[in-house]
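In: Here is a sequence with its predicted model. Questions after.
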Amino acid sequence: MAVCLLSFAACTDAGELLDLALDSPSRKPIDRSRLGINNFFVDREFGTIEEQFLEIRDKLGINSVRILVAWTDGFQPTPTSQPVYGFFDDIVTSIPAGMDVIIVLAHTPSWMSNPDNWIQGNPRVTWVERFYRPTVRRYGRLPGVLGFEVWNEPDVLQVSSDAALELEDPDKYFELLTFASRATREEAPDRLIIGAATTSIQQNFPTTLRYNQRLKQLGAEGLIDVWTFHYYSTSFESVVTSNGVADFLNSLSVAVWLTESGETGPNSQLAYVETAWPFLRDQIPGIDRIYYYQFGETVLPVGNNFGLRTTDPEFPVSDLYVHLSTPAT
């Protein structure tokens, strides 16, 4: 097992894989210099938008934030109504000096379930032309906006109206990505095009990995600047097995970012990231950025909460928050 963990060679022996499944890699310090964080700024219990940005930058020492702009009924209730960007404008115009954001664009309003509202009879063309392109045009030249991520976890249906896009089929997501890539190059040519991460790449192995492999086979690398993935839980053996997660991500020709990873419970987060993240960087040296999920969360009981900050008075911050707010030695 030691050879399997310490080298980039894939584990192929079943006994080695079983050992790895039972024994976690050792804890190591995380690389703070390439750390980002997810924050959606919807929970004002953690302060105003400006206060949350400054806390992330000045208290935690994190300069990169992943945010969400969602196409919902509240954003555009009818096909003929004007989109309401106010809340998202407030976020994007509040980016402090020295920070950058990546903007995830996802979801559909309920009226997208009606094919009569589609451009050219194609819901994916409609999503890009009615939502993605105007949003990239609006934010693509503003300071602090690093790039645009085309959807989030397309392999699963999260909102019922999203079913119109059929993105659980990787071929349909590839078509959406093709249209979105072209729109980004036209509207904001100096901003990054970021492919959507699937659900946690090592879970449901190898189903989720196969979605990613299909996108590569179709040519997705030629459409984007960054390939992203999510990683929750452990399943370390799925990373190192032959033709597994590491082999796939190491084969990519574009930058690789881990855009969601975290653990629940205020006393479990530090151990998780000091185990999982160094392990992933050992096995996949090309990982550039890692974005923790997430800054603050109001879920109770607190044992089910991913947030560095919570609304539980007994556990207002997690062990990872304390660690990040302590200067590195």
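Out: Ah, there it is. Since the structure is predicted, the reported quantities are computational estimates derived from the model, not experimental observations. Residues are numbered from 1 along each chain as shown.
In: what's the residue nearest to F306 when sequence neighbours are not counted in contact with, if anything?
Out: Leaving aside its sequence neighbours, F306 sits nearest to G262 (CB to CB, 6 or more residues apart in numbering; 4.7 Å). Any C-beta I mention is one placed from the backbone N, CA and C, and that applies to glycine too. Residues near G262 by CB atoms under 8 Å, 6 or more residues apart in numbering: 232, 269, 272-273, 292-294, 306.
In: same thing but 7 Å
Out: Neighbouring residues of G262 by CB atoms under 7 Å, 6 or more residues apart in numbering: 232, 269, 292-294, 306.
In: Buried ones in stretch 141-156, by neighbour count?
Out: Using 16 or more other CB atoms under 10 Å as the test for burial, stretch 141-156 gives 144-155.
In: could the residues you listed be laid out in JSON lines, adding distance to S110, pLDDT and secondary structure?
Out: Shown next, in JSON lines, are these (distance: CB to CB, whole Å; pLDDT from 0 to 100; DSSP: H, G, I helix; E, B strand; the rest coil):
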{"residue": "G144", "distance to S110": "32", "pLDDT": "97", "secondary structure": "coil"}
{"residue": "V145", "distance to S110": "28", "pLDDT": "98", "secondary structure": "strand"}
{"residue": "L146", "distance to S110": "31", "pLDDT": "98", "secondary structure": "strand"}
{"residue": "G147", "distance to S110": "29", "pLDDT": "98", "secondary structure": "strand"}
{"residue": "F148", "distance to S110": "24", "pLDDT": "99", "secondary structure": "strand"}
{"residue": "E149", "distance to S110": "23", "pLDDT": "99", "secondary structure": "strand"}
{"residue": "V150", "distance to S110": "21", "pLDDT": "99", "secondary structure": "strand"}
{"residue": "W151", "distance to S110": "18", "pLDDT": "98", "secondary structure": "coil"}
{"residue": "N152", "distance to S110": "19", "pLDDT": "98", "secondary structure": "coil"}
{"residue": "E153", "distance to S110": "20", "pLDDT": "98", "secondary structure": "coil"}
{"residue": "P154", "distance to S110": "19", "pLDDT": "98", "secondary structure": "coil"}
{"residue": "D155", "distance to S110": "22", "pLDDT": "98", "secondary structure": "coil"}
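In: how about those in JSON lines, adding distance to F87?
Out: Shown next, in JSON lines, are the buried residues of stretch 141-156 (distance: CB to CB, whole Å):
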{"residue": "G144", "distance to F87": "17"}
{"residue": "V145", "distance to F87": "16"}
{"residue": "L146", "distance to F87": "20"}
{"residue": "G147", "distance to F87": "20"}
{"residue": "F148", "distance to F87": "18"}
{"residue": "E149", "distance to F87": "18"}
{"residue": "V150", "distance to F87": "21"}
{"residue": "W151", "distance to F87": "20"}
{"residue": "N152", "distance to F87": "18"}
{"residue": "E153", "distance to F87": "22"}
{"residue": "P154", "distance to F87": "24"}
{"residue": "D155", "distance to F87": "28"}
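In: re earlier: give me the buried subset of the contacts of G262.
Out: Neighbour-count burial (16+ other CB under 10 Å) applied to those gives 232, 269, 292-294, 306.
In: Looking at those residues, which are in helices?
Out: Among the buried ones among the contacts of G262, the ones falling in helices (DSSP state H) are Q269.
In: got the buried ones among the contacts of G262 as a markdown table, with pLDDT columns?
Out: Formatted as a markdown table, these follow (pLDDT from 0 to 100):
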| residue | pLDDT |
| --- | --- |
| Y232 | 97 |
| Q269 | 98 |
| Y292 | 98 |
| Y293 | 98 |
| Q294 | 98 |
| F306 | 98 |
